[in-house]
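1. Give me coordinates for this.
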Amino acid sequence: MPDYIYLLENRLPVPQQNALRTVRDLAREAQMTVFLTGDAVRDLTCGNPVRDLEMVVHGNALQLKKALQGAGAAIWGEDAASRTLYLCMPGNVRLDLASSKRAEYPKPGKPVFHWTSIQEDLRARDFTVNAMGISLNEGSYGLLMDPTNGVADIEARVLRLVSNYGFLENPALMVRATRLKARLSFELEERTQTRYENAKGEDLAGHISEHERARELEQIGHEEEPLKVMHALEAEGWMQHLFAAWTAAKADVEKLKALHDLAVELQVQGVHPDVSAAQMQLLTAKVAAKDLAQLKKEMLRPGFVEQWDKLDAHAAEFAKVLLSKENASPSATYNLFMSYPAEAILWLGFTSKQATVKEKFENFLKVWPQARQKVPYALMLEMRITPELPGYQELVKSIFLQLIDGGLTTTEEMRAVLEPHSPPAPPPPVTIKRTRAKKGADAKAKARLDDDDEDSDSLDSDDEDESDDLDIDLGGDDLDLSIGLDDVRPGAAAADGEEDDVFARDSVGDDDLDSDDEGGDDEPDDEPPAPKGKAGRKRTGARSESRGDASTAFGAGLKALALKLDLEEPSDPADLDEADPTLEVEDPESDESPRAQKGAKHVPAKHAPAKKAAVVAAKGKAAAAPAHKAAPVKPVVQAAAKKAVPVKAVSMKAVPAKTVARKPAPVHAPAKKAAAKKAVPAKKHR
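-> Below you'll find the model as predicted:
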């Protein structure tokens, strides 16, 4: 559905918009509602040019006659029976203003009018494509009213009768149907075609009213292709009933074609004449004078006939003004062409044989338009003169007029003319400068970000590598020391003045502890150690342990772990002390174990690198204490298993110092089933 507000404001020429606005304002002052109807709405919907306007008001349209004359409208005719005014608005705009009504036909061609609403008026029209209206009132401006679904018939390009008895009641509709078919290239709807043939066979053309005959005769002159319409009417036999003395053979075809060509050239230059009166002059060029006079009497609008008769007089008046001294310059002549009535310009250009007049028409149509190419649009853009500025079009026109007068031959002259219209240059853009930090601070910040990224990557990789378990045999009774990631115990905070450190650095060494077994279940146990150095220290530094004592059984277990992974022994180990705490391994299946009493679930351990082994740190003065030498332990490396085994609980007894538990490293092989019942004693200090 098209937007009719947009169509009203953009598709109609300016004179037609002004005419609509004038009638709308006068109807509002008279407290009447007004609508645009008929051919204008159909042509707007179709996309065709709107040739004339038809408006309908609720009330008596004749009451607006004086107000319209005061607004500059010329009354070309009126019909008291149908309360219709035929107007010529400024700009030579044809406009029919009628009252909303409904017609009844007691006899064919004899209407009786009843004044009603706009909806009833539309339902009583001829064809559905003409039975549409657009509201021009406040609150509903642009609203389309289509009670008979005429839009669908426009899309289907068919003509459909609104009333099944339309051809019988008003035989003039048969003539109108033939004319609309030729004009719009529409076809009659199937049932409408049947009714057309039936009515034509009954010979109802003799009942066409005088009013309808006058309308159809005049309408031929308003057609864009009048000869085409006349040939169609003659083929159906309707010209015999309209006016037998007027046929297509009486027209001057060659001159008619030349008239249309000149009208198109004028339209290209901005002059839009109404060719109706000039067409009628050529369409009746060979009609006898007596018949021509009778034809003019039967026309619907006397004002149109008067315009037809005064074509030569208006052209002569224009020629006199055109050849005057005041309009001798090219710019004055151009302004005259753009302001004088277009119909007089058209007829003078078509009929005049004076060399001076022809020269001026030649300059206006073909020579002066070439000067538009010399308008310095690029220079105007350089001087910031854009179409958005007020007065831009007037400036372009002024330059054009000076160009056709022979001025502005150099760029300096053009620049001098444009300089007063050039707006000031915009202020330079404000640049906000941000202070830069020192290079040392930037480097430190970047290093911190890199360290954080590496730490997060190491943590992520550690989580992904939790796939191995390690079985350690400490000799004597079998001891199952399976420490998994899921067996996590809360760690104690470091004492005041002490720092958390990696236990592996005290017992094994920074570099050796970085030898992680990254393999999965299928990898061999004796895997080469991981690369040493700065990267390894960063990875071990991700976990902070309390400084611990290597004399405990737990430390001995880690010693065995170091031996299994081929790690180096500390250079100055110390003896174990009897007073050192012992590590007691409990059977998770026993009822006395704390985990069994608490109902802890038996969770299978995940594989993880050795560097994530849980460390128990003893509270004390670790910095001042002498290095302890761990007792030799005979490690027994168990075979690597492909399936993870459940984690057995590890409990700590008599640990005097605060401890920090980290995620311990699981063993590679499945733990032994038998668990050690007693603690492993630690050796005394030497």
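2. my read is Pro106 is in a strand, agree?
-> Yes: Pro106 sits within a strand when classified using DSSP: H, G, I helix; E, B strand; the rest coil.
3. need the contact list for it.
-> Val112 (Cβ atoms under 8 Å, 6 or more residues apart in numbering). For every residue, glycine as well, the C-beta is placed using N, CA and C.
4. Then the one 10 residues further on?
-> Applying Cβ under 8 Å, 6+ apart to Thr116 gives the contacts 100-102.
5. Distance of it relative to Ala27?
-> 17 Å (Cβ to Cβ, to the nearest Å).
6. Please, which helix or strand holds the nearest residue to Asp79 once chain neighbours are set aside?
-> Closest residue in space to Asp79, ignoring its immediate chain neighbours: His211 at 6.7 Å, by Cβ to Cβ, 6 or more residues apart in numbering. Following DSSP states H and E, one finds His211 within helix 210-222.
7. I would like the residues contacting that helix, please.
-> For helix 210-222, contacts defined as Cβ under 8 Å, 6+ apart pick out 51-52, 79, 81-82, 94, 109, 170, 172, 175-176, 179, 226, 229-230, 233, 241-243, 246, 276-277, 279-280, 283, 295, 298-301, 304.
8. Please identify which helix or strand holds the residue lying closest to Asp309 once chain neighbours are set aside.
-> Spatial nearest neighbour of Asp309, chain neighbours left out: Lys296 (7.7 Å); criterion: Cβ to Cβ, 6+ apart. Following DSSP H and E, one finds Lys296 within helix 289-297.
9. From the contact counts, what lies against that helix?
-> helix 302-309 (3 or more Cβ pairs under 8 Å, 6 or more residues apart in numbering; DSSP states H and E).
10. switch the cut-off to 10 Å
-> helix 210-222, helix 276-283, helix 302-309 (3 or more Cβ pairs under 10 Å, 6 or more residues apart in numbering; DSSP states H and E).
11. need the next SSE after the first one, C-terminal direction.
-> Tracing the chain past helix 210-222, the next element assigned as helix or strand by DSSP H and E is helix 226-236.
12. Buried residues, that following helix. List them.
-> In terms of neighbour count (16 or more other Cβ atoms under 10 Å), helix 226-236 has its buried residues at 226-227, 229-230, 232-233, 236.
13. want to throw these into a markdown table with pLDDT and distance to Ile75?
-> Compiled in a markdown table, these are given as follows (pLDDT from 0 to 100; distance: Cβ to Cβ, whole Å):
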| residue | pLDDT | distance to Ile75 |
| --- | --- | --- |
| Pro226 | 95 | 25 |
| Leu227 | 95 | 31 |
| Val229 | 96 | 27 |
| Met230 | 96 | 29 |
| Ala232 | 96 | 32 |
| Leu233 | 96 | 29 |
| Glu236 | 94 | 34 |
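14. Would you map the strands across the stretch 101-250 of the chain?
-> In the stretch 101-250 of the chain, the strands defined using DSSP state E, counting those that start in this stretch lie at 101-107, 110-115, 133-135, 144-145, 158-159, 187-188.
15. who touches the fourth one?
-> Strand 144-145 is contacted by residues 1-4, 35, 37, 41, 44-45, 118-119, 121-122, 131-135, 150-151 when judged by Cβ atoms under 10 Å, 6 or more residues apart in numbering.
16. out of those, which are buried?
-> Buried among the contacts of strand 144-145 (16+ other Cβ under 10 Å): 4, 35, 37, 41, 44-45, 118, 121-122, 131-135, 150-151.
17. Quickly name whichever of those residues is closest to Phe350.
-> Top of the list for closeness to Phe350, among those and by Cβ to Cβ, is Leu44 at 30.3 Å.
18. which one is the closest one nearest to, not counting chain neighbours?
-> Leu7 (4.8 Å).
19. I'd like to know how far the one you found sits from Gln119.
-> Counting by Cβ to Cβ - Leu7 and Gln119 are separated by 22 Å.
20. residues near Asn92, how many?
-> 17 (other Cβ atoms under 10 Å).
21. hang on, I meant Glu298
-> For Glu298, the tally of surrounding residues (other Cβ under 10 Å) stands at 14.
22. Kindly report the same for Leu395.
-> Around Leu395 there are 18 other residues, counting by other Cβ under 10 Å.
23. try Tyr340
-> Using other Cβ under 10 Å, Tyr340 is surrounded by 17 other residues.
24. cool, and the one 4 residues further on?
-> For Ala344, the count of nearby residues is 21 (other Cβ under 10 Å).
25. Ala285 contacts Ala251, correct?
-> Yes: assessed by Cβ atoms under 10 Å, Ala285 is found in contact with Ala251 at 6.4 Å.
26. which of the two has more neighbours?
-> Each of Ala285 and Ala251 has its neighbours counted (other Cβ under 10 Å); Ala251 has more, 21 against 14.
27. check contacts around the more buried one.
-> Neighbour list for Ala251: 226-227, 230, 279-280, 282-287 [criterion: Cβ under 10 Å, 6+ apart].
28. could you redo the last one with a cut-off of 8 Å?
-> Counting by Cβ under 8 Å, 6+ apart, Ala251 has contacts 226-227, 230, 282-286.
29. ditto for Gln269
-> Neighbour list for Gln269: 337, 364-365, 369 [criterion: Cβ under 8 Å, 6+ apart].
30. so which of these comes closest to Asn60?
-> Nearest to Asn60 among these: Phe337, at 41.9 Å, using Cβ to Cβ.
31. Got phi/psi on that closest one?
-> phi -60, psi -40 (degrees, to the nearest 10).
32. and the closest residue to it other than its chain neighbours, helix, strand or coil?
-> With sequence-adjacent residues excluded and distances taken as Cβ to Cβ, 6+ apart, Phe337 is closest to Phe364, at 5.2 Å. Under three-state DSSP, Phe364 falls in the helix class.
33. Now do the same contact list for Phe364.
-> Phe364 neighbours (Cβ under 8 Å, 6+ apart): 269, 333-334, 337.
34. let's see it at 7 Å
-> Taking Cβ atoms under 7 Å, 6 or more residues apart in numbering, we find Phe364 in contact with 269, 334, 337.
35. cool, and Ile75?
-> 65, 69, 85, 87, 303.
36. 10 Å instead?
-> Ile75 is in contact with 65-66, 68-69, 85-88, 301-303, counting by Cβ under 10 Å, 6+ apart.
37. With Leu87 instead?
-> 19, 22-23, 53, 55, 64-65, 68-69, 71, 73-78, 93-97, 301, 303.
38. Check the spacing between it and Gln279 real quick.
-> 21 Å.
39. that older thread, just want the angle from the helix holding Lys296 to helix 276-283.
-> Angle, helix 289-297 to helix 276-283, by axes from the mean of the first three to the mean of the last three Cα atoms, to 10 degrees: 150 degrees.
40. avg pLDDT for helix 289-297?
-> On average, the pLDDT along helix 289-297 is 95.
41. Can you point out the buried residues in that helix?
-> For helix 289-297, using 16+ other Cβ under 10 Å, the buried residues are 292, 295-296.
42. would you turn these into CSV with distance to Leu262?
-> Formatted as CSV, the buried residues of helix 289-297 follow (distance: Cβ to Cβ, whole Å):
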residue, distance to Leu262
Leu292, 24
Leu295, 25
Lys296, 24
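43. Looking at these, spot the one nearest Pro423.
-> Using Cβ to Cβ, the buried residues of helix 289-297 come closest to Pro423 at Lys296, 58.5 Å.
44. my guess is the closest one contacts Met280, does it?
-> Yes: taking contacts as Cβ under 10 Å, Lys296 lies within contact range of Met280: 9.0 Å.
45. if I look at those two, which residues touch both of them?
-> With Cβ under 10 Å, 6+ apart as the test, Lys296 and Met280 both reach 217-218, 304-305, 308.
46. Can you say which of the residues you listed are buried?
-> 217-218, 304-305, 308.
47. quick one: which of those is nearest to Ile385?
-> Checking these one by one against Ile385 (Cβ to Cβ), the nearest turns out to be Phe304, at 45.8 Å.
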